[in-house]
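In: show me the folded form of this:
(2 chains)
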Amino acid sequence: MNGHSVLTMANLKPKSENQHEKHEGPDGGWGWVLVIAMFVSTSLVFGLMRSLGIFFVEFVHYFEESAQAISWISSIGLAAQQFFSPVAAALCNAYNARVVVMTGGFLAGLGFLLASQATCLVHLYLTMGVITGLGWGMVFTPMTATVMAHFTRRRTLALGLAFTSIGLSSFAFNPLFQLLVDMYAWRGALLILGGLSLNIVPCGALIRPQRRSKSQPKVNSEGRPSCAMMLQRVASYLELSVLCERPYITFTLAVSLFNVGFFVPYFHLVAHSIQAGFSEYQAAFVMSAAGATDILGRVLSGWFSDLGYFRLIHLVSLWTGLAGVFIMLLPVSSLSGSYATLMVINLLYGFCSGALTSVIFAAIPMIVGVKRTMGALGLLQLIESGAGLLGTPLSGLLRDVTGNYIASFMVAGSFLILGTLTLVTLPHFFSCTDPPPTNPSALRESSSNSKDQDVTSELEQINSLAADTNLRGTE
Amino acid sequence: MVMSASWKNQLFLQILLLLSCCRHSSTSPTTTPLHPITLGPTGNKSVILRGENHTEKVELSQPINLTLECTWMGNQKRLPNITGYWRKDGEEIQDSHLTVQFENEKYNLKREFSISTEKDLGIYSCVFGSEAHTDFILAAPQIGEMRDKPIVSYVGDSVGIICKMDKAKPKPHTWFWYRENGTDKDRILINPQPHRYEINNNDKEQMTKLVVHNLTQDDSGLYYCGAVYGIGSSMGHVELKVITIMEPLKPFLAILVEVIILVTAILVYEKTQPVKRETAGDVTNAIQKNDPPQEEDNKPEENSWRLRKF
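Out: Sure, this is the predicted structure:
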């Protein structure tokens, strides 16, 4: 069996390299340019979203509405970004990632431009919420999937580097937005923000349009397109087939559970620290420190996972489990009243939370294959958005009911741990406990062949090849 | 330490004043402060001075007969007698010179002042010889937390300017708004038409809001809000800047131009690189041609696998 498989491997290698070039392209080169483009565009989407709090203060004064009504603006924006992700993925599959991202950047800028002329709160909901959110949705998923397609061995590092933009840009945007609001009031500041968002368009222009791996096999209708065929095409663009696969469903469920608990510290940590008796300055510093270790965690975890000592899915479970544990420890540490304990747990939490964001997207190509990553990522964003909507109100409710944040943090941490346990039920999770040297490379090559199983041992690899041929036959 | 004690004293003073006011019928002044009341409420303020000098803020909202007392612990010299006198706003008060004895390790100066009009407010100082003095700053309650940055708004838009009196301080009788006019202040009056100004007073929050509609560039300038008390009024000021849409439009257009230039540059650069892309494609095709059928996904692997199996 072993010699047999070695021969198979030897024959596979040159083919995999070719399909390497055909489907992903070499690590590096233009890929790094795309990482820079993704850095800029992600900072203009999520970094910007995080700094909108400054505008909300102004809106409360101008429109004389409650803070809760104003906070709906960013909720609608985030929901729109996640809801329209599958649509954006489908458009990329149907047409061109470049056009989609450029249109997304244009829409995001347009939304802010129109928002600067708003005369009532509903205008803001529609412009800053829906239009800009739609634009953001058309930027994030395509950019991420494109970058992932351009890398194999350095995928997680590339993602980690690109995602550091969120933390870094929110450091830069907060004082910048404050300055803009002081100089031009919120209307002028929103106008300039629209201009800044338009910078996503050149980022999209950097995507080279030749990587078309989706369109040809699907265009099989010659004459008049029938309804069923159109539906089938749309379903294939939306990558709905992944919804029928157990690994993907398990992964999506796990990510949704992560989302319920993940944002809770971000929203409530400052309030909790103040309630625990620390000053406002100390509480704000806690958040900044978590942000700093978050950035560090993204890069280090990306670099580390690409070294290949552990399976990516194991690293995802590790970081999410640890993050869950530290979130649960956060209220416990501040109970003791010691600022140092809170700070240590907080730094560890920041590191783990950054680490998990790097690896979690990179795990998708491992599960569904690089070709289907675009659609899979879009659907994932949509499904996890529902969970995110649940998380923050739940923690707020727990806080109102119990009077402090301990219950909210405990529940949030437990959701993360629950998600980790869900990940454990992925098929072949426990294989490769002692990774032999060939297995990690075999895993990468098998995924670079666009197969969609977590394969480790050679026997399973061969079995999966057989299974894949059956799958492809039915497509 | 002394300041926190003095805050408590102030609060006590306010409560005293409030209680004494309630006994009177409230004659709320609408325009100018009251006529002097001879038999008015009274209050005390005493400060112990340890060093060379000290400043004490006293906030008054009603006319009052205020007794100020200074106690000085003395210095190394410990003279048995020392000349003490009172000053108001830097000028000596007539007939206030006294010889102060050194009793019980301290010097003591005490005097009653009748504070009834706004003119009576100011800085009162008790001076011990030429060595030590305590300043009492008598004023109406100051408006805290005024916005120090100018409020920016646009031509044709409306803007609200807020003045808020701290809830811990006494409630003003009413609020006035003034507009700066050269070195003077013009009172802002509500005219039915043109309906440009709106003043909303919120007594519960102790705040007032001036809303200016249909802004023009001439509306830029300093705006003063005055909290009116029995003893006088205290002012706060905010600067309003009215700008046109042209101001933020300039950076926006600059960014727009930059975006267009970048996109054009990227697209042009790509168009001028066709040779490289085609050669890369050729290389890929060549490699594919070398190995038997490679374009279709896994039939070759299947074949090789089957071959190996046998």
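In: use CA for all of it now, contacts and neighbours both
Out: Will do.
In: residue ranges in the stretch 251-400 of chain A under the pLDDT threshold?
Out: Counting by pLDDT under 70, the stretch 251-400 of chain A contains no low-confidence segment.
In: and the stretch 51-200 of chain B, which residues reach chain A?
Out: B:Lys149, B:Pro150, B:Ile151, B:Val152, B:Ser153, B:Val159, B:Gly160 (Cα under 8 Å from any Cα of the partner chain).
In: pretty sure the first one is touching A:Asp182, no?
Out: When you say that, I think you mean B:Lys149. Yes. In this structure, B:Lys149 is within contact of A:Asp182 by Cα atoms under 8 Å, at 7.4 Å.
In: who has more neighbours out of those two?
Out: A:Asp182 (16 against 11; other Cα atoms under 10 Å in any protein chain shown).
In: mind checking what helix or strand follows the stretch of helix or strand the more buried one belongs to in sequence?
Out: Taking DSSP states H and E as the definition, one finds A:Asp182 inside helix A:155-197. Proceeding N to C from helix A:155-197, the next assigned helix or strand is helix A:200-205, under DSSP H and E.
In: tell me which residues in that next one are buried?
Out: Buried positions in helix A:200-205, judged by neighbour count with 16 or more other Cα atoms under 10 Å in any protein chain shown: A:Ile200, A:Val201, A:Pro202, A:Cys203, A:Gly204, A:Ala205.
In: give the other helices and strands that it contacts.
Out: helix A:30-42, helix A:97-115, helix B:246-271 (3 or more Cα pairs under 8 Å, 6 or more residues apart in numbering or on different chains; DSSP states H and E).
In: please name the nearest non-neighbouring residue to residue 203.
Out: Answering for chain A, as no chain was given. A:Ala37 (4.7 Å; Cα to Cα, 6 or more residues apart in numbering or on different chains).
In: wait, I meant chain B there
Out: B:Lys171 (7.7 Å).
In: gap between that neighbour and chain A?
Out: 23 Å (Cα to the nearest Cα, to the nearest Å).
In: where along the stretch 51-200 of chain B do the strands fall?
Out: Ranges of strands in the stretch 51-200 of chain B, per DSSP state E, counting those that start in this stretch, are B:53-59, B:64-72, B:81-88, B:91-92, B:98-101, B:107-115, B:122-128, B:132-139, B:151-154, B:159-164, B:174-181, B:184-187, B:197-202.
In: reformat these as a markdown table; add mean pLDDT and mean neighbour count.
Out: Below are the strands of the stretch 51-200 of chain B laid out as a markdown table (pLDDT from 0 to 100; neighbours: other Cα atoms under 10 Å in any protein chain shown):
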| stretch | mean pLDDT | mean neighbour count |
| --- | --- | --- |
| strand B:53-59 | 83 | 18 |
| strand B:64-72 | 83 | 20 |
| strand B:81-88 | 85 | 18 |
| strand B:91-92 | 86 | 14 |
| strand B:98-101 | 81 | 16 |
| strand B:107-115 | 83 | 18 |
| strand B:122-128 | 86 | 23 |
| strand B:132-139 | 85 | 21 |
| strand B:151-154 | 92 | 22 |
| strand B:159-164 | 88 | 20 |
| strand B:174-181 | 86 | 18 |
| strand B:184-187 | 78 | 13 |
| strand B:197-202 | 86 | 16 |
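In: make JSON lines out of the ones you listed and add distance to A:Thr392.
Out: Formatted as JSON lines, those follow (distance: least, Cα to Cα, whole Å):
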{"stretch": "strand B:53-59", "distance to A:Thr392": "46"}
{"stretch": "strand B:64-72", "distance to A:Thr392": "55"}
{"stretch": "strand B:81-88", "distance to A:Thr392": "61"}
{"stretch": "strand B:91-92", "distance to A:Thr392": "64"}
{"stretch": "strand B:98-101", "distance to A:Thr392": "70"}
{"stretch": "strand B:107-115", "distance to A:Thr392": "57"}
{"stretch": "strand B:122-128", "distance to A:Thr392": "55"}
{"stretch": "strand B:132-139", "distance to A:Thr392": "49"}
{"stretch": "strand B:151-154", "distance to A:Thr392": "34"}
{"stretch": "strand B:159-164", "distance to A:Thr392": "33"}
{"stretch": "strand B:174-181", "distance to A:Thr392": "43"}
{"stretch": "strand B:184-187", "distance to A:Thr392": "49"}
{"stretch": "strand B:197-202", "distance to A:Thr392": "34"}
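In: understood, closing this out.
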